[in-house]
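[1] how would this look folded up:
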Amino acid sequence: MTPTILITFLGTGNYTPARYQFSGSDHPDNETFFSAALASHLKPTRVISLQTPDATTKHGKALDQRFRELNVEHSSVSIPEGKSESELWEIFAALTQAVPAKCVLHVDVTHGFRSLPILSLIALNYLRTTRDVTLGGIHYGAFEAKSNEVTPVFDLSPFLALLDWTAAADQFLATGSASRLGSMLKGIQQSMWQNRQGSAPSDLPTKLISLGSTLEIAANNLTLLRTGAISDSAASVAKQITNATQTGDIERFALPILDVLDPVRAELTSFNSTDLAVLRDLVGWLIEKDRPDAALTLASEWIISWVMVRLGISDHHCGENIRKPYDKCISLWVDEYSGRHEIKNPDEESTRHLVELKEKCASDEMVRLAGIASRLKSARNDLNHAGFRQGPLSAANIFTTARELYQELVLLPT
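    Alright, predicted model coming up:
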């Protein structure tokens, strides 16, 4: 059974009894210590209270006695007051070391030194990654918001969720992967329908799964270079965002994603065609995402398309059989320019294309084409052999080569 842990901080102030009102409860709990009211409500496996020496002296025995009365396992952890950076690190270490792996963790941020709630939030995020801890809730007994002698209890968990949305968007903007963003959206709808209880269908989201799946497909098309499908899937993302906005799904169930989606949508929809200029921008985008392998792959295809367009073939996004003579034309030119002439008995079609290309391109373009094609072939071969060759390029050299070749592509007119 997964343990449920409640972390709380014991302060040195004067604790006043209050009637704490939890969401969904008709009977407020009357308690001196909010952590006791929270433990009665949550019924955790164990409560861990972090206490400064002064807090222990003033309230430690009373708090421990109250948990015994509630039959709740309680352990205290001594911490410094947090008056310096080194003491804050001691508190962080004490907090994180006290929490077992794979537990459900609730945090009470009502009391304690003023920096402790922020430290708790950081520690909770850290524990989710390093200890596979699941967030149960971040709870605050809002004594200052008391009304009609009842003190409300706020759940601050959505603010941690905002960090998740931001991290998911950052993952896409940094790497091009939308898997985290998509799974979060799908998870909201799946969870709410699985735990619907008495909720009417109209009170549940219906568009978040399709939006999440479409985001994943669009991002995968982008990073895996499904160039023919990129523009279609980007249009689908825009449509799904509109649908989820119109039904109110985003506003009601995933509001933080509204701002997060803007930069994601902007990047996805910027590659809205297979035009040369757009595909060249995609090469640059892949380099920015630290994907020199994919950038070099696309650049190799782009240079063939560039030759086709220069020779009047506007429909360059086509199958290998049609593109092959133009690819051979480039190889013929690299051989001729380098003086190697490695291709014996070149076919008539490729030779004809090379003659036409020389007629239509300026000499500096032909020189640039030879240099780009030669370096692309060498770099692609190096990547495809995964270092199993004589004198393989270093990783740093591959990144540098990809960036330099992209700059060369930019100089070719489209």
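[2] Am I right that residue 48 is in a strand?
    Yes - counting by DSSP: H, G, I helix; E, B strand; the rest coil, residue 48 is part of a strand.
[3] Report the contact partners of it.
    5-8, 74-77, 98-99 (CB atoms under 8 Å, 6 or more residues apart in numbering). Yep, even glycine has a C-beta here, placed from its N, CA and C like the rest.
[4] residue closest to the middle of the chain?
    The centroid of the chain falls nearest to residue 168 when counting by CA atoms, centre = their mean (2.4 Å).
[5] element containing it, please.
    helix 157-175 (DSSP states H and E).
[6] list the buried ones in that helix?
    157, 160-161, 164-165, 168-169, 171-173 (16 or more other CB atoms under 10 Å).
[7] Would you mind giving those residues as a markdown table with pLDDT and distance to residue 306 added?
    Output for the buried residues of helix 157-175, formatted as a markdown table (pLDDT from 0 to 100; distance: CB to CB, whole Å):
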| residue | pLDDT | distance to residue 306 |
| --- | --- | --- |
| 157 | 84 | 52 |
| 160 | 80 | 49 |
| 161 | 80 | 46 |
| 164 | 86 | 42 |
| 165 | 85 | 40 |
| 168 | 87 | 36 |
| 169 | 86 | 34 |
| 171 | 89 | 33 |
| 172 | 87 | 29 |
| 173 | 86 | 29 |
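[8] Pick out the most distant pair among these.
    Based on CB to CB, the longest span within those runs between 157 and 173 and measures 24.8 Å.
[9] following the helix holding residue 168, which helix or strand shows up next?
    Where DSSP H and E defines the elements, the next helix or strand beyond helix 157-175 is helix 179-194.
[10] so after that next one, what's the next helix or strand?
    According to DSSP H and E, the helix or strand after helix 179-194 is helix 208-223.
[11] what packs against the following helix or strand past that following helix?
    Later in the chain than helix 208-223, the nearest helix or strand by DSSP H and E is helix 227-246. Using 3 or more CB pairs under 8 Å, 6 or more residues apart in numbering; DSSP states H and E, the elements in contact with helix 227-246 are helix 208-223, helix 249-253, helix 257-270, helix 276-288.
[12] buried ones in the longest one?
    In this case it means helix 208-223. Those would be 208-223, for helix 208-223 by 16+ other CB under 10 Å.
[13] what's the answer for stretch 129-147, then?
    133, 135-142.
[14] Which members of the residues you listed are the farthest-apart pair?
    133 and 142 (25.2 Å).
[15] which SS state does residue 7 fall under?
    strand.
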